[in-house]
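# when you get a sec, could you give me coordinates for this:
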Amino acid sequence: MRYLALGDSYSIGEGVPDAGRWPVQLAARLRAEGVALDDPLIVATTGWTTDELSAAMDATAFAPPYDLVSLLIGVNNQYRGRSAADYRQEFRRMLERAIGLTGGRPDRVLVLSIPDWGVTPFARSSGRDVACIAEELDVYNAVAAEEVKAADGHWVDITGLSREHPGLLAEDGLHPSAAQYTLWMEAALPTARRILA
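As a prediction, the model looks like this:
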């Protein structure tokens, strides 16, 4: 079976070895459990917003249908001060594209919530209002969760994990460490198992 992971720095694993990325960890764990799943095709780059991911997808030669598609996108929209209303429209289009890449099966799409980068040393040292970051990300995540539910996809909330474990970071003091990604993988694992069963 084949797995496509769409996203930004959180999917490409900025600052961690390839094996530490949460989609790679997820595929490895599922294989260890006997699921015949390839390594993920990851279409993600640090800094991408929803529209930048969409543009990259336009330039990617996909080979659908994929058995599992994960989506984690939006933190850079929030970072750049874009509105939640714009995010809703762009996220909905991204979700529709993700569903299309499964051959029209929303039950094979797994969406992770946006973690809270406001708990990181980078955020504190940059002079940003960390309470405002948290509030805005909560709004973004509520929007995404609504869209995923309406589309009959799967939603996994990992935002709380990012807030509970703020010290599990890569050397840059912003991006998650492989240990943080393991927590996300473990949160997504039960849903991924059901999708691929």
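# which SS state does the residue of the chain positioned farthest from its centre fall under?
With Cα atoms, centre = their mean as the measure, the chain has its most outlying C-alpha, relative to the mean C-alpha position, at residue 127: 25.8 Å. Residue 127 carries the three-state label coil when classified by DSSP: H, G, I helix; E, B strand; the rest coil.
# separation between it and residue 133?
With distances defined as Cβ to Cβ, to the nearest Å, the gap from residue 127 to residue 133 amounts to 12 Å. Every residue, glycine included, has its C-beta placed from N, CA and C.
# go on, residue 114?
11 Å.
# same deal with residue 159?
Looking at residue 159 against residue 133, where the rule is Cβ to Cβ, the gap reads 12 Å.
# please identify every residue contacting each of those two.
residue 116 (Cβ atoms under 8 Å, 6 or more residues apart in numbering).
# who touches the residue most central in space within the chain in this structure?
Note on the chain: the residue nearest the mean C-alpha position is residue 72, at 2.0 Å, using Cα atoms, centre = their mean. Each residue near residue 72 by Cβ under 8 Å, 6+ apart is listed here: 5-8, 10-11, 111-114.
# now swap in residue 132 and tell me
Taking Cβ under 8 Å, 6+ apart as the definition of contact, the neighbours of residue 132 are residue 118.
# tell me the SS of residue 163?
Once three-state DSSP is applied, residue 163 turns out helix.
# thought it was touching residue 114?
No. Counting by Cβ atoms under 8 Å, residue 114 is not a contact partner of residue 163; they are 11.8 Å apart.
# between these two, tell me which one has more neighbours.
Just comparing residue 163 and residue 114: by other Cβ atoms under 10 Å the higher neighbour count belongs to residue 114, 25 against 14.
# how close does the nearest residue to residue 168 once chain neighbours are set aside get to residue 135?
Closest residue to residue 168 in three dimensions, ignoring its sequence neighbours and counting by Cβ to Cβ, 6 or more residues apart in numbering: residue 180, at 3.7 Å. Separation of residue 180 from residue 135 (Cβ to Cβ): 22 Å.
# could you pull out the buried residues of the lowest-mean-pLDDT helix or strand in the chain?
Taking all helices and strands of the chain together, the one with the lowest average confidence (mean pLDDT, DSSP states H and E) is helix 121-125, at a mean of 94. Going by neighbour count (16 or more other Cβ atoms under 10 Å), the buried part of helix 121-125 is residue 123.
# can you list the residues that contact that helix?
Looking at helix 121-125 with Cβ under 8 Å, 6+ apart, the contacting residues turn out to be 117, 130, 133, 169, 172-174.
# looking at the residues you listed, which are in helices?
130, 133 (DSSP state H).
# redo the contacts of helix 121-125 as a markdown table? Include distance to residue 40.
Listed next are these as a markdown table, based on distance: Cβ to Cβ, whole Å:
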| residue | distance to residue 40 |
| --- | --- |
| 117 | 23 |
| 130 | 32 |
| 133 | 29 |
| 169 | 23 |
| 172 | 23 |
| 173 | 26 |
| 174 | 23 |
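# many thanks, we can stop here.
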